[in-house]
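Participant: pasting the sequence and the predicted coordinates here, then a few questions.
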Amino acid sequence: MGGVPETHSGWTFLTNHARVLAAIADDQNTRIRDIAARCRLTERAVQKIIADLEQGGYLTHTRQGRTNEYHIEPGTGLRHPADAGLSVAGLLSVLAQHDAERDTRSQRLQTASVSEQGSTADE
C-alpha cells in the first residue's frame, strides 16, 4: 500500500477531488493512506485535496482520538458555472449508483466464471 501509485497519462472524466470526496462518502472515518490507495494518489496529494475541499466548504473534519471523522456538506453546489444548480449530494448519488451497478456486474461475471469452470470440470 505504501508504494508509488500507478502513473496515468491523458485526461479522465472525474477529477481527483471528486474521487477523494467519493472515497470519504463511502467511509467518513477513512484514513488518508486508504484514500490514497483507493484513488491511486500520494498521501500528500490527498492531504492537499482535503484541504482544498475544506477551504471550499465541501468538507469538514473533527478529530476522534487518533483519527479524523469527515463530514460532507451535501447541499454545497458544484464549482463550475456549467454545473450551476447541481449539488455535491447529486454527484455522490450518481457515483454511488455507478459503484453499485459495477459491483453487480462484477458479481455476475464471477458467478458465470465459477459456473463455467464447474461445467468444464464435469466433462
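Facilitator: All right, it came through fine.
Participant: what does the model give Gly2 for pLDDT?
Facilitator: You'll see Gly2 listed with a pLDDT of 50.
Participant: helices or strands up against the helix or strand hosting Asp52?
Facilitator: Element membership for Asp52, per DSSP states H and E: helix 43-55. Here helix 43-55 touches helix 16-26, helix 32-39, strand 59-64, going by 3 or more C-beta pairs under 8 Å, 6 or more residues apart in numbering; DSSP states H and E. Every C-beta, even on glycine, is put in place using the N, C-alpha and C of the backbone.
Participant: in that helix, what counts as buried?
Facilitator: 43, 45-46, 49-50, 53 (16 or more other C-beta atoms under 10 Å).
Participant: which strands and helices lie in contact with the helix or strand that contains Ser113?
Facilitator: Under the criterion of DSSP H and E, Ser113 resides in helix 88-122. Using 3+ C-beta pairs under 8 Å, 6+ apart, the elements in contact with helix 88-122 are helix 16-26.
Participant: tell me the angle the helix or strand bottoming out on mean pLDDT in the chain makes with helix 16-26.
Facilitator: Every helix and strand of the chain was ranked by mean pLDDT, DSSP states H and E. The lowest is helix 88-122, at a mean of 79. Angle of helix 88-122 versus helix 16-26, following axes from the mean of the first three to the mean of the last three C-alpha atoms, to 10 degrees, is 80 degrees.
Participant: mind checking the pLDDT average for stretch 63-82?
Facilitator: Here the average pLDDT along stretch 63-82 is 93.
Participant: what of stretch 46-59?
Facilitator: 97.
Participant: just how off-centre is it within its chain?
Facilitator: 14 Å (C-alpha atoms, centre = their mean, to the nearest Å).
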